[in-house]
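Asker: compute the structure for the input listed below.
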Amino acid sequence: MTVPAQVLEAFALEGLPLTPISVGLINRTFRVDRDGAPWLALQELHPVFKGEVNLDLDAITTHLAAQGLATPRLHRTRTGAPFLEADGRPWRALTWLPGCVHLAVSSPSIARAAAGLVARFHAATAGFVHAFAFERPGAHDTAAHLARLAAALDRGSPSVRVLGARILAHPLPAIPPLPTRIVHGDLKITNILFDEEGTRAVALLDLDTLAYGTLATELGDALRSWCNPAGESAERVAVDEAIFAAAIEGYAAGDPGITAGEVAALVPGLETIALELASRFCLDAIEDRYFGWDPTRFPSRVAHDERRAEAQLALAESVAAARPRLEARVASAF
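Answerer: Presented below is the predicted three-dimensional model:
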């Protein structure tokens, strides 16, 4: 992987060591060292993002820093620009923060620490008003995702049609209208930076998905990821209730100042996002697209997408079965 010379020149990086970073599947990332130590993260943004996303990142990280939160900050070009277009793709540089990331939530303590940081992020951005320069509308329109699956189901293989019918038959939990707030939008555990010991969560990473959204979606997606330590491609999936409880306790202890309606939507939000992803993965299996499948475990991308859809449906079903216990955990935390 090479970096265009005009990018190195624009950010004054000529002659500095660059190391590709493999964690993360969206943006192409290099660590830039200076004086023998990490200095910047240089990134070529994925085509789904426009360069204007950096204007949003800059505004919100400026606010976060003013609130005392650690956060990556834009390192501007020699001319003061927040990003550079090179060969039709936006490039940017961010300050490097020391620490480590976990590849999975291997213990409740990791979930508790991560959720506490998310709560502090939500508290810091509460009331902050920002007009986003870049938006991705409909990213979590669950009803629309289910409708697209229903429209395409006849084109699937027999097994995918059976799976899709099960997904569509799963009752969609009721979530009342909720206030919108600035959310991170993709709180998988690799997007949370921990200290060098891996115990204290210090900063949120990958800030291109910042947007206005609801807490049901924000934490539903986080819990969907964290509370399934077996992973999206596992054969047997169930909500890990100990990890769920630790995450809820950590979030509540962070004093995010959320409403009673938002508290009540936490468990339905988790079930809804699991069902939404099941529908999206099932549609991917029908259309044979999007996912970089694992050929060491599956004979095709369709087979891997089908497994992912099965796993997310199993998670949604597990949450529904455990709902009284999960809601009791929420009630005791808040």
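Asker: who are the packing partners of the helix or strand of the chain with the lowest mean pLDDT?
Answerer: Least confident helix or strand of the chain, by mean pLDDT, DSSP states H and E, is strand 18-21 with a mean of 92. The elements that strand 18-21 packs onto, with contact taken as 3 or more CB pairs under 8 Å, 6 or more residues apart in numbering; DSSP states H and E, are strand 28-34. The C-beta positions use only the backbone N, C-alpha and C, and glycine is treated the same way.
Asker: mind giving me the packing neighbours of the helix or strand following the strand it packs on?
Answerer: Of the helices and strands lying after strand 28-34 in sequence (DSSP states H and E), the nearest is strand 37-44. Applying 3+ CB pairs under 8 Å, 6+ apart, we find strand 37-44 packed against strand 28-34, strand 89-95.
Asker: residues contacting the helix or strand following strand 37-44, please?
Answerer: Helices and strands here follow DSSP H and E; after strand 37-44, the next one along the chain is helix 53-66. Residues outside helix 53-66 that contact it (CB atoms under 8 Å, 6 or more residues apart in numbering) are 45, 71-74, 82-83, 90, 92, 121, 124-125, 128, 130, 132-134, 182, 207-208, 210.
Asker: buried ones in helix 53-66, by neighbour count?
Answerer: Residues 53-61, 63-64 are the ones in helix 53-66 that count as buried (16 or more other CB atoms under 10 Å).
Asker: got it, and stretch 281-298?
Answerer: With the criterion 16+ other CB under 10 Å, stretch 281-298 contains buried residues 281-286, 291, 293, 298.
Asker: I'd like those residues laid out as CSV, including secondary structure, pLDDT and distance to residue 230.
Answerer: Shown next, in CSV, are the buried residues of stretch 281-298 (DSSP: H, G, I helix; E, B strand; the rest coil; pLDDT from 0 to 100; distance: CB to CB, whole Å):
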residue, secondary structure, pLDDT, distance to residue 230
281, helix, 94, 15
282, helix, 96, 19
283, helix, 96, 23
284, helix, 93, 20
285, helix, 94, 20
286, helix, 95, 24
291, coil, 63, 18
293, coil, 75, 18
298, coil, 85, 16
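Asker: check these and tell me the two furthest apart.
Answerer: Pairwise distances across these (CB to CB) peak at 17.5 Å, for the pair 283 and 298.
Asker: which residue is nearest the centroid of the chain?
Answerer: Central residue of the chain (CA atoms, centre = their mean): residue 186, 1.7 Å from the mean position.
Asker: residue contacts, that one?
Answerer: Residue 186 is in contact with 206, 209, 221, counting by CB under 8 Å, 6+ apart.
Asker: all strands for the stretch 151-300 of the chain, in order.
Answerer: Listed in chain order, the strands found in the stretch 151-300 of the chain under DSSP state E, counting those that start in this stretch are 181-183, 192-194, 201-204, 211-213.
Asker: any chance of these in CSV, plus distance to residue 252, mean pLDDT and mean neighbour count?
Answerer: Below are the strands of the stretch 151-300 of the chain laid out as CSV (distance: least, CB to CB, whole Å; pLDDT from 0 to 100; neighbours: other CB atoms under 10 Å):
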stretch, distance to residue 252, mean pLDDT, mean neighbour count
strand 181-183, 16, 96, 22
strand 192-194, 18, 97, 22
strand 201-204, 15, 98, 22
strand 211-213, 20, 95, 18
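Asker: go through those and name the closest to residue 155.
Answerer: Of all the strands of the stretch 151-300 of the chain, strand 211-213 comes closest under CB to CB, at 31.2 Å.
Asker: pull up the pairing partners for the closest one, direction included.
Answerer: Here strand 211-213 is paired, per DSSP bridges, with strand 181-183 (antiparallel).
Asker: which residues are contacting the partner strand?
Answerer: Taking CB under 8 Å, 6+ apart as the rule, strand 181-183 contacts 60, 122, 125-126, 128, 130, 210-215, 217-218.
Asker: quick one, which of those are buried?
Answerer: Using 16+ other CB under 10 Å, the buried ones in the contacts of strand 181-183 are 60, 122, 125, 210-211, 213-215, 217-218.
Asker: I'd like to know which of those are part of helices.
Answerer: Among those, DSSP state H puts 60, 122, 125, 215, 217-218 in helices.
Asker: between the buried residues of stretch 281-298, which is closest to residue 100?
Answerer: Nearest to residue 100 among the buried residues of stretch 281-298, with distances taken as CB to CB, is residue 291, at 26.8 Å.
Asker: now do the domain split for this protein, please.
Answerer: Following the assignment in automatic domain parsing, the chain carries domains at 5-95, 108-333.
Asker: tell me which of these sits most buried.
Answerer: Comparing the domains of the chain by mean neighbour count (mean count of other CB atoms under 10 Å), domain 108-333 ranks first with a mean of 19.
Asker: switch the buried residues of helix 53-66 over to a markdown table; also include distance to residue 34.
Answerer: Shown next, in a markdown table, are these (distance: CB to CB, whole Å):
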| residue | distance to residue 34 |
| --- | --- |
| 53 | 26 |
| 54 | 21 |
| 55 | 26 |
| 56 | 27 |
| 57 | 22 |
| 58 | 22 |
| 59 | 27 |
| 60 | 26 |
| 61 | 21 |
| 63 | 27 |
| 64 | 24 |
